[in-house]
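Q: Sequence first, predicted coordinates after that:
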Amino acid sequence: MGRRRQSYDGVVLACPVSIPYQRYSVDTAHWWIATALRETLKAAKLTPKELDGFSVSSFTLFPDTPVGLTQHLGLSPRWLDMIPMGGASGVVALRRAARAVQAGDSDIVACVAGDTNHIDSFRRMLSSFSRFAMDASYPYGYGGPNANFALLTDRYMTEFNATREDFGRICVAQRANALNYPGAIMKKPLTLEDYMNARPIADPIALFDCVMPVAGSEAFLVMTEDEAVRRDLPFARIGSAIERHNAHAEDPIQLRGGWTVDLDELYGMAQAAPTDMDLVQTYDDYPVISMMQIEDLGFCGKGEGPDFLRDKDMTITGDFPHNTNGGQLSAGQAGAAGGFIGLVEAIRQVTGQAGPTQVKDAKKALVSGFGMINYDRGLCTSAAILEAA
Amino acid sequence: MTTPLQPPPKKNPQKRTVSPTRPPEMRSRASLGLQAAAAEGRFALQVCAECQTVQYPPRDACQNCLSTDMPWTDVSPDGELLAETTIRTSTNLYFRERSPWRTGSVKLDAGPVIICHVHGDCAPRSRVTLWNLLDRAGQATLLAVPQERTPLMEDDPQLRQMTADPKHRRVLITDARHPGTPALVKALKDAGAAMIFVGEAETWRPYPGRAALEEMGVDLQPLDLTDTASVQKLAGEYGGKTDILINNARFMRPGGVLERGDTAFAKEEIEVNYLGLMRLAQAFGPGMCARASDGVNSAAAWVNVLSVEALSNAPAYGCFNASNAAAFALSQSLRAEFRGAGLRVMNVFTGPTEDAWYQPLPPPKVTHGALAKSIVDGLQRGLEDVYCGDVAKDLHERFRRDPKVLERERTMAGDMA
Amino acid sequence: MSALTQLATALSAGKIDVIDLTHTLDPDFPVIILPPEFGQCARFRMEEVSAYDHRGPAWKWHNISMSEHTGTHFDAPSHWISGRDVPLGSVDEIPPEKFVGPVCVIDCSAETAQDDDFLMTPDHIRAWEAEHGEIPKGAWVLMRTDWSKRKGAAYLNMKEDGPHSPGPAPDAIRHLIEERDIVGFGTECVGTDAGQGMHLSPPYPAHFILHGAGKYGLQCLTNLDKLPPTGAVLMAAPLKIKNGTGSPLRVLAMVET
């Protein structure tokens, strides 16, 4: 494609909000979305009536859509969006909202993701996820994403001589980070031994490779830099952002994602290199996917992830801070909010608002998303570089 | 190597019978072509008529050229096992109760990547063949098996879930008087059936096959499909032990409508061939459904032996065929009614058989041994529709191409049966 | 006292027994078997219509079906081709007085025990008459064989060459009709004819000759061993079926104790 992307100059991110997750909730997705929206608007001293842009990501709103939410929540936006991209939804919501603000279609967009988790709602969600999954993956053991990622992990391990310990180190470091994060569900320290001895779920995946489905919500605001300054809000700039869908369809099994297609633009637009990143937030529904992102986002070559990470410290005080609030593996997976958790934490980090998980002098953060196992692989990838003001 | 399946111990009368559970049943309409192929034991995928791209999962437009013309076509079932996992926990009750469950990802030589069940004898990353099998929900699923047969491969616990193998199962054959029953008993015994009960109507009337049946040690039980009380009585006694029911009862006389001139034989045909099936289903169906998850000798299949002319009639046996068409239609309802429990209905459509009533017809005819082999083979492969003999296969192929053309072919020149 | 009053008094005093000569209508009771290309005799069948349930909360009843010639049954002249033109030849037309009358029981049980294909000849009848007196005009004649005690396959006694069971020889039937003018003839077997009756001349002589002469048949009788050779009164009234060629029925005999 010949045309160059335009920059995101003049558009910023502010008011990051994470509503503490719950294992099971009696409340609805509407409740969780309303609560996060209320908190992010409060931070900006905005009333719901003043909000003119609204972007929603959720799996459990049925039978409603964001349209129903406008009436339900008393909003009258002139720009409304819904991002059905699961783990890629945070960065995708950001990209679209930023362009709307840039073009003047909206002054302030609230991007919100939230899902509830009732007893049994995970099972119900699985059973209606996608047509290809319904036709061609559920009937095979009904392992859900565990089984899909077990296949990828199995193949990755064979292909690149990776060991379970290589994945275990990612999980153990994230747990250490989570212990500093008040919103995390997992509060118990995790050792590599605990990881190795955990109950098998779908070989080679065991208990600590899996995220725990929870209820929760996340939100942030997208506005012009002038607006943020006028309201005296700490903000983050958008260095660059990419998304890609159904990339590498010819690969028989997913060992790489769509990031590789747009990698040069990602760093080119931001005029940065992987080594410039002060922290990395990958989408971590399974550690193999974090490993894949670290490779595909240029930190090392394909298959070199295990070696690369072997001598890295992935905690907030380490030389490669990764998923600084524990990520989904330790904080829990709150449905579509799982696509926001890394982004919202990164906004906190580069705006110096991360509190107990703050990485010292965090100026640049790389956030990436991955979502939607439609059949045998995740179809949506996204990534963004955030910069301190 | 598959661990040999052991005969089940006698049932503990203090233990609750496990309620039948099923794998997920929901499928898109596009995927039903796979079911149709599985019903006959074929491996077929959608192949684009314009660019020949082989598609999977089933879809509505070609992933290569967006053509919507993608007929289901038999393709090579061979491929390579790319990756595998053993699922040890599932939110679906059926798999939860049967864990661990081995699944994998296979790159077909024909193109697509297929998530499938994996037979225990498949070596990691080996060459495999995919079998298209109906699962307990009656839906098509694909199982990777080794390319060379392995000893006792039919005993694999995952494969056994998809079949209705007579091994270690108890079988009721409904009509001792059918001339093919001794051959059927022999085939079932050879296939490892644990017990064979054979229903016998009108014990006061002798028939030539009885001596052979007695010699084979079958358990003859009074059963007259035209007598509701008789059917209910046997179901009361043996319904809880009937794992496979093979309804081969048949009343037939030649003739179309005008040749006969009355409804007396037609009434008998309906009584045996149609209402007999209904009586059997009402008496044996509920108990078999309740036992569809009952271990090694769970209730597994209901077999109807039908004339292939149930698909398309002609006057030579017009009235008899009509009663078979009625039974076929009933079997479709029954199939849906049994599906909730995971009990399979297998229809065996046969061409003219080698017996007295088809004596005036020219060959080829189906021997009793061939019919028995088709039935047992269908059970072992878990089929829903079996076409036995050249005449049945030919008629089915013509039916598949155009039922109206077939009707005209069969009725135009008078007697073409 | 009138004859009927005397009868009633004797009945209530237990001086007369009523003997049931009928088999129970049972779905598994044998019927006559013809070559399969011919039409067949329908078996007795009973389907529940309701049983104090959702199909009828306070009542139980059945629909039944059978042939005119199922179970213990009556043959009218119109049953056979020889009797098709006989006046009053169907069950609904037969004068009711024909259904009640004296009955003579000829005991052939000893001979039948020796020979499944026993044929009763005029000599047997004459021998019986020598002992019990002449068969009166208008009597029913029943051939006792104890065949009714046979169960299952032994009843039809079907072999490769057809059924084997006792019956009357053609001359015997002619004798009973031409010399004695009986009203009807009955047996314990599935038909009035012997099992191998198709090989006699005429084939099925009992059916052919009896019905051709406007006489009646009774078959599948039982309890004939409880009747005296003479002196009993038979009651055998078929259902009044329009143009019926026969009918299942309850056959009773009154016997002085």
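A: Thanks, I have it.
Q: what about A:C111, neighbour count?
A: Using other CB atoms under 10 Å in any protein chain shown, A:C111 is surrounded by 31 other residues. (C-beta placed from N, C-alpha, C; glycine too.)
Q: residues near the closest residue to chain C within the stretch 251-389 of chain A, how many?
A: With CB to the nearest CB, the shortest gap between the stretch 251-389 of chain A and chain C falls at A:G335, namely 47.8 Å. When neighbours are defined as other CB under 10 Å, A:G335 has 28 of them.
Q: Can you give me the domain boundaries for chain A?
A: A:11-120+A:215-230, A:142-207+A:239-388 (automatic domain parsing).
Q: chain center to the first one, what's the gap?
A: Right, domain A:11-120+A:215-230. Its chain's C-alpha centre and that of domain A:11-120+A:215-230 lie 14 Å apart, by CA atoms, centre = their mean, to the nearest Å.
Q: Once you drop chain neighbours, what's closest to the residue of the stretch 251-389 of chain A closest to chain C?
A: A:D115 (2.5 Å; CB to CB, 6 or more residues apart in numbering or on different chains).
Q: Make JSON lines out of the domains of chain A and add distance to C:F38 and mean pLDDT.
A: Formatted as JSON lines, the domains of chain A follow (distance: least, CB to CB, whole Å; pLDDT from 0 to 100):
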{"stretch": "domain A:11-120+A:215-230", "distance to C:F38": "66", "mean pLDDT": "97"}
{"stretch": "domain A:142-207+A:239-388", "distance to C:F38": "60", "mean pLDDT": "96"}
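Q: Nearest to B:A314, out of these?
A: domain A:142-207+A:239-388 (46.6 Å; CB to CB).
Q: Kindly check the end-to-end length of the closest one for me.
A: End-to-end distance of domain A:142-207+A:239-388: 44 Å, with CA to CA, to the nearest Å as the criterion.
Q: now stretch C:145-165
A: 10 Å.
Q: same check, this time on stretch A:225-235
A: Note: stretch A:225-235 ends 8 Å apart using CA to CA.
Q: likewise stretch A:53-67?
A: 12 Å.
Q: And whichever residue of the stretch 301-417 of chain B sits closest to chain C, what's its pLDDT?
A: Nearest residue of the stretch 301-417 of chain B to chain C (CB to the nearest CB) works out as B:A356 at 8.1 Å. For B:A356, the pLDDT comes out at 91.
Q: is it true that the residue of the stretch 251-389 of chain A closest to chain C touches A:G114?
A: Yes: between A:G335 and A:G114 there is a contact at 7.3 Å, judged by CB atoms under 8 Å.
Q: what touches both of the two?
A: Residues touching both A:G335 and A:G114 (CB atoms under 8 Å, 6 or more residues apart in numbering or on different chains) are A:29, A:58, A:216.
Q: Quick check: residues of chain C near chain B?
A: Within chain C, the residues that sit near chain B (CB under 8 Å from any CB of the partner chain) are C:27-28, C:30, C:33, C:36-37, C:39-40, C:43, C:45-48, C:152-153, C:155-156, C:158-159.
Q: Oh, that last question was meant for chain A, not what I typed.
A: A:122-123, A:126-127, A:131-132, A:134-144, A:146-148, A:150-152, A:154-155, A:158, A:199-205, A:249, A:252-253, A:375-376.
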